[in-house]
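Student: Sequence first, predicted coordinates after that:
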Amino acid sequence: MITIKINNISFFVKNNISILEACKYVGLTLPRFCYHESLSLAGNCRMCLVELLNSSKPTAACVSPVMYNMQIFIDSSIVKKVRENILESLLLNHPLDCPICDQGGECDLQDQTKMYGNTLNRFFLNKKISEDKNCGPLVKTIMTRCIQCTRCVRFSSEISGTAFFGLLNRGLKTEIGYYASAPFFSSEISGTVIDLCPVGALTNKTYAFKSRPWELTTIQSIDLTDSTGSNIFIQTKEAEILRITPKINKYVNINIISDAARFSFDANTKNRLLSLYKYNNTNKQFESTSLFLLLSFLTNSFLSRQPILFLINETLDNETIQHLKILCFKYKNLKVKSITHTNNSFNFFSNNNFSKIYSLNKTAKICLIFSINLRVEASIINVKLRLKSLKSDYLLIHFGPLYSSNNSSMKFLNYKVFDLVSIISSKNSQLSRIITKNVAPIIFINSFNLLNTFGILKKFIPTLLLYNIGSFCNSSGILYFNISDVTKYDLLTSSLVYCLNLDTEFFLAKILFDVQEFSWINSHGSKLALKSTYIIPNLSAYENENSFLNFEFKNQSSKKIIDCKNVSSFTSKLQHLLLNSLYKNKSFFFNREVLQKPELFQNVFFKFTVNLFDTFVLTKSLFVKRLVKLLKVDSYLRTSANKASPTLSLCSKTNRNLICNFTLNG
């Protein structure tokens, strides 16, 4: 800590920080345009100029470090005059279209002009005109509003890794252009540039001309498109979701969210299931049915001796999973199985084997990634690793097939699982030496079998940081509640199958091919739902409040944003009548405290013991001949809700048209 004076008042601040950060540290705000906490320093807007004692001219606060006994003046007469001149020069070519600008009401240029600017204008020349850029279906550009703060340039080169934007020409002809062949929306976090732009040059194309910020109602929630659980703000107007913005949380997602999380909300009104249908074998069509008939059918099937199977996936919430677990303990003819992409053959849970993503050790110099496309499955983690590799000498090794990575320091090794076992058992001298000599190596996996295997390695290297990245929002919840994968025997021995929140894919269609009768319970329809007996509507993620476990086993809750009256009343009546009939009018509540105490959950619901050595041997014998496979999915259309989104569907279609899978030589 050092002592400085700001406006003749002494403050204790941290050493090795800039003047702007020191002012922010003591609660004083300096105007700026180019400076941002997540980007490198540029110092080109000159809006943060301050006066120093015994200095001949003002100094940029964002690039000037603090010194012992430094005397700073942030509101002197010369500083005020300089700010007026800078704002006057920025407004020379800026159009006066604030009434129709989507940035109006939350524009930094608008706010700072009102606070620090002058009403006089000494220039009456023709304004410079810049051509708008094509940034895809997500970002809208009006480049005449650009003030050349270069935030978008630094974001595309440092964080997204696409290097799309660039500063072209010099002097009065300076403008932001692009010189990349790939489209900007090919980055999985391209929408973040909308939040970074301080003016209306880069705005949300789906939000254009729809509302003003003061007309929106903001509700805090979480993202359910991946296992990170990013914190978000959902903004609505008259029971309609208009946009989603990130909430700053340095422990989870910093200030970044993926494009799937930002633009998937329009799927809430597309291809929705709003009525209850039953397939009529006589006329081969679906007909609307009543709740009473469905309830009688469900009650009779539960009370009968017929085996019933509930198929769930990794997007189902914890409350529903716990309901199903209690039903399975009450009725022995019920089974709950999951459909995952990770071949979960061994259910093993140990909270001590997991680390927190915020605890990325600064001393770590190596990161091993096993068969995970972080750009698709965990874009926030990919950004954090990229920023860490840019700031330090960091070794990234990916075990698995080659994919398009935005991290130039990543090395790819296509290994078999037998080779991974040899690394862990120290038979591979080179890689084993690299892992064991590092203070805190980091390992990312996406397989429960590898989790059991690397759990052994963590016992020998206690400082090892092990992260199990799930594919979907509640992958850890499936593991936590000990839900095993479905087998062919389960399908053949079940007379009734209920599909909860399942996604339409070839793998699921192949599983249900031999099933004679199944019911589809989801918020969205699909082609597979047309082959079911009952189509039962369900609430979407924005219409219900549920809890989920992210990949750190952190319990987070999504909030109820809007109300779907038809489905909401139907779902509440169905749950109320079903629970009352099954539990004989006993009240049932979901105990959220159980999720915070794993030992309570394991003692009450199930007990299992896993021999680490046996698991290691089984893993080696089962998968010794298999290559480490990579999950091939579209980053935009990973869930059933995202597939119903018109915006994400357009992005996926445009992106597929721009990808060339082969080259012609000669």
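Tutor: Perfect, thanks for sending it.
Student: How many residues are close by the nearest residue to residue 367 once chain neighbours are set aside?
Tutor: Leaving aside its chain neighbours, residue 367 sits nearest to residue 442 (4.3 Å; criterion: C-beta to C-beta, 6 or more residues apart in numbering). From N, CA and C alone the C-beta is placed, and that goes for glycine too. By other C-beta atoms under 10 Å, the residues close to residue 442 number 23.
Student: Double-check residue 442 against residue 366; I have them as touching.
Tutor: Yes. Applying C-beta atoms under 8 Å as the test, residue 442 and residue 366 come out as touching, 7.2 Å apart.
Student: since we're on the nearest residue to residue 290 once chain neighbours are set aside, how many residues are nearby?
Tutor: Closest residue to residue 290 apart from its sequence neighbours, by C-beta to C-beta, 6+ apart: residue 276 at 7.5 Å. Residue 276 has 21 neighbouring residues, counting by other C-beta under 10 Å.
Student: wait, doesn't residue 276 sit right on residue 534?
Tutor: Yes. If you go by C-beta under 8 Å, residue 276 and residue 534 touch, sitting 7.5 Å apart.
Student: Need the residues touching each of those two.
Tutor: 289, 294 (C-beta atoms under 8 Å, 6 or more residues apart in numbering).
Student: what bridges to the residue nearest to residue 367?
Tutor: Residue 442 has these beta-bridge partners by DSSP bridges: residue 367, residue 465.
Student: so what pLDDT did it get?
Tutor: Per-residue pLDDT puts residue 442 at 79.
Student: Ok, residue 56 next?
Tutor: Looking at residue 56, the pLDDT reads 84.
Student: Give the helix, strand or coil label for it.
Tutor: What DSSP: H, G, I helix; E, B strand; the rest coil gives for residue 56 is coil.
Student: Look up how far residue 81 lies from it.
Tutor: 16 Å (C-beta to C-beta, to the nearest Å).
Student: Settle it for me: which of these two has more neighbours?
Tutor: residue 81 (12 against 6).
Student: Let me see the mean pLDDT of the helix or strand containing that one.
Tutor: Residue 81 is located in helix 77-90, with elements delineated by DSSP states H and E. Helix 77-90 shows a mean pLDDT of 90.
Student: and that helix, what other elements does it pack with?
Tutor: Packing partners of helix 77-90 (3 or more C-beta pairs under 8 Å, 6 or more residues apart in numbering; DSSP states H and E): strand 49-52, helix 108-116.
Student: Please state the offset of the helix or strand residue 375 falls within from the chain centre?
Tutor: Element membership for residue 375, per DSSP H and E: helix 374-377. With C-alpha atoms, centre = their mean, to the nearest Å as the basis, helix 374-377 stands 10 Å off its chain's centre.
Student: Counting by contacts, list what it packs against.
Tutor: Taking 3+ C-beta pairs under 8 Å, 6+ apart as the contact cut, helix 374-377 packs with helix 379-391.
Student: Next secondary structure after the helix it packs on?
Tutor: Next along from helix 379-391, by DSSP H and E: strand 395-399.
Student: Who are the packing partners of that following strand?
Tutor: Strand 395-399 packs on strand 366-370, strand 410-413, going by 3+ C-beta pairs under 8 Å, 6+ apart.
Student: Walk me through the domains of the protein.
Tutor: 2-90, 108-269, 351-469+612-633 (automatic domain parsing).
Student: could I get these as a markdown table with distance to residue 517?
Tutor: Compiled in a markdown table, the domains of the chain are given as follows (distance: least, C-beta to C-beta, whole Å):
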| stretch | distance to residue 517 |
| --- | --- |
| domain 2-90 | 53 |
| domain 108-269 | 29 |
| domain 351-469+612-633 | 29 |
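Student: residues of the helix holding residue 81 that come out buried?
Tutor: Buried residues in helix 77-90, counted by 16 or more other C-beta atoms under 10 Å: 79, 82-84, 86-88, 90.
Student: Put the alpha carbons of it into CSV.
Tutor: Extracted in CSV, the C-alpha atoms of helix 77-90 (Å, rounded to 0.1, in the frame of the first residue of the first chain):
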residue,chain,number,x,y,z
SER,A,77,-10.3,23.8,-14.6
ILE,A,78,-7.8,22.5,-17.2
VAL,A,79,-9.2,18.9,-16.8
LYS,A,80,-12.7,20.1,-17.3
LYS,A,81,-11.7,22.1,-20.4
VAL,A,82,-9.8,19.2,-21.9
ARG,A,83,-12.9,16.9,-21.5
GLU,A,84,-15.1,19.4,-23.2
ASN,A,85,-12.7,19.6,-26.2
ILE,A,86,-12.4,15.8,-26.4
LEU,A,87,-16.2,15.4,-26.4
GLU,A,88,-16.6,18.1,-29.0
SER,A,89,-14.1,16.4,-31.3
LEU,A,90,-15.9,13.0,-30.8
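Student: gap between it and the chain center?
Tutor: Counting by C-alpha atoms, centre = their mean, helix 77-90 comes out at 40 Å from the chain centroid.
Student: got the angle for it vs helix 108-116?
Tutor: 140 degrees (axes from the mean of the first three to the mean of the last three C-alpha atoms, to 10 degrees).
Student: Does residue 159 touch residue 196 like I think?
Tutor: No. Contact criterion C-beta under 8 Å: residue 159 and residue 196 do not qualify, at 9.3 Å.
Student: between these two, which one's more packed in?
Tutor: Neighbour comparison, residue 159 and residue 196: the larger count goes to residue 159, with 22 against 18 (by other C-beta under 10 Å).
Student: Distance-wise, check the nearest residue in space to that one that is not next to it in sequence relative to residue 228.
Tutor: Ranked by C-beta to C-beta, 6+ apart and with sequence neighbours excluded, the top spatial neighbour of residue 159 is residue 383, at 6.0 Å. Distance of residue 383 to residue 228, given as C-beta to C-beta: 10 Å.
Student: do the same with residue 128
Tutor: 42 Å.
Student: which ones are touching the closest residue to residue 286 other than its chain neighbours?
Tutor: With sequence-adjacent residues excluded and distances taken as C-beta to C-beta, 6+ apart, residue 286 is closest to residue 277, at 4.2 Å. Taking C-beta under 8 Å, 6+ apart, we find residue 277 in contact with 286-289, 534-535.
Student: can you rerun that using 7 Å?
Tutor: Counting by C-beta atoms under 7 Å, 6 or more residues apart in numbering, residue 277 makes contact with 286-289, 535.
Student: got it, and residue 76?
Tutor: residue 51.
Student: Kindly recompute the last result at 10 Å.
Tutor: 7, 50-51, 58, 82 (C-beta atoms under 10 Å, 6 or more residues apart in numbering).
Student: ok, those vs residue 260, which is closest?
Tutor: residue 50 (41.7 Å; C-beta to C-beta).
Student: neighbours of the closest one, just the number please.
Tutor: 23.
Student: Over to the one 5 residues further on?
Tutor: Applying other C-beta under 10 Å, we find 13 other residues in the vicinity of residue 55.
Student: who's in contact with it?
Tutor: With C-beta under 10 Å, 6+ apart, residue 55 has these contacts: 64, 71-73.
Student: and residue 213, how many neighbours does it have?
Tutor: 14.
Student: Quick check: closest non-adjacent residue to it.
Tutor: Using C-beta to C-beta, 6+ apart, the closest residue to residue 213 is residue 105 (4.2 Å).
Student: quick one, phi/psi of that neighbour?
Tutor: Taking degrees, to the nearest 10, you get phi 100, psi -20 for the backbone angles of residue 105.
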